[in-house]
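*Asks:* Quick one, fold the following:
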Amino acid sequence: MTSNAQNVKTLVKAIKQPNVRYKLYIDGGEGLVDSVQTVYKGLNGKTYGYDDSNKGTSIDAFAINNGLNAQQAEALSTLSVWGEDKDGNDSQKVTSLYPDDFDRGGYPYRDGSDVDYSTLSNIKTAPSEDKKNYTKITADVTIHLHLIDGTKVSHTYQTEVTPGEGNTEIDDATKKEALHADFMNQPWPENSILYKDKPTGES
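*Replies:* So this is what the prediction gives:
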């Protein structure tokens, strides 16, 4: 059994690598920003995988390439997208800050706005307030996105997670899907998400 402390140590070492970008997408149901766990699945039935730390990587691809276990990958999934700023604003609702660029605060326009990736910085450890004798990881998570006119913007939030115990290996099926998707490191098709027409405002 790998302890919480060891999982923290291993994960912190991995995520402190410079310039790692975690691929993001907008959930088609609630319009919330989320990280790509294994692959992005398009309405065309194809899968889109990401394993480039600069262009963007899925959580599982990063975990596999850095020898992380499932518990560490799960913790990274939280760190990569969940957070709040000092005013209590939710990082997963960042698109609501740009109502003219994102339909209903979520869905991207065609050939326009979208979320891109997240980055982690100011990574530290501290005693967990929720679990006695456990250690948590704290960090700043920055969500990067672009608007209709191409302007790049970003917002930073505070995030934290307390990794659990355990050393579950990421299974072979997940490895195959994450690293050998139908398309690797390619943009997903625009018709995979509901888009709002820019000139008319119709969906």
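*Asks:* In which helix or strand does the closest residue to residue 145 other than its chain neighbours reside?
*Replies:* Counting by C-beta to C-beta, 6 or more residues apart in numbering, the nearest residue to residue 145 once its immediate chain neighbours are dropped is residue 115, at 4.5 Å. Yep, even glycine has a C-beta here, placed from its N, CA and C like the rest. Assigned by DSSP states H and E, residue 115 belongs to strand 114-127.
*Asks:* and if you look at residue 34?
*Replies:* strand 33-35.
*Asks:* The residue nearest to residue 145 reaches residue 147, doesn't it?
*Replies:* No: Residue 115 is not in contact with residue 147 according to C-beta atoms under 8 Å; the separation is 11.0 Å.
*Asks:* neighbour count winner among these two?
*Replies:* Using other C-beta atoms under 10 Å as the criterion, residue 115 and residue 147 rank with residue 115 on top: 22 against 17.
*Asks:* distance of that one from residue 53?
*Replies:* 18 Å (C-beta to C-beta, to the nearest Å).
*Asks:* Where is the longest helix in the chain?
*Replies:* helix 4-15 (DSSP state H).
*Asks:* what does the next helix-or-strand element following that helix rub up against?
*Replies:* Counting by DSSP H and E, the next helix or strand C-terminal to helix 4-15 is strand 22-26. Defining contact as C-beta atoms under 8 Å, 6 or more residues apart in numbering, one finds that strand 22-26 is touched by 32-36, 40, 50, 56-59, 62, 76, 80-81, 95, 102, 106-108, 114-120, 143, 188, 193.
*Asks:* lowest average confidence, helix or strand, in the chain?
*Replies:* When each helix and strand of the chain is scored by mean pLDDT, DSSP states H and E, strand 107-108 comes last, with a mean of 52.
*Asks:* just the strands in the chain please.
*Replies:* Remark: strands assigned in the chain by DSSP state E are 22-26, 33-35, 40-41, 47-49, 51-52, 56-57, 102-103, 107-108, 114-127, 135-146, 152-161, 183-184.
*Asks:* Compare those and give me the one nearest residue 13.
*Replies:* Nearest to residue 13, of all the strands of the chain, is strand 114-127, at 10.0 Å by C-beta to C-beta.
*Asks:* Just the CA trace of that closest one, in CSV.
*Replies:* Extracted C-alpha coordinates of strand 114-127, given in CSV (Å, rounded to 0.1, in the frame of the first residue of the first chain):
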residue,chain,number,x,y,z
ASP,A,114,-12.9,28.0,-26.5
VAL,A,115,-10.9,26.9,-23.5
ASP,A,116,-7.4,25.7,-24.2
TYR,A,117,-5.4,24.3,-21.3
SER,A,118,-4.6,24.8,-17.6
THR,A,119,-1.2,25.2,-15.9
LEU,A,120,-0.1,24.7,-12.3
SER,A,121,2.2,27.0,-10.3
ASN,A,122,3.1,27.8,-6.7
ILE,A,123,2.9,24.1,-5.9
LYS,A,124,3.2,23.4,-2.1
THR,A,125,2.3,20.8,0.5
ALA,A,126,0.6,21.3,3.9
PRO,A,127,-1.1,19.2,6.5
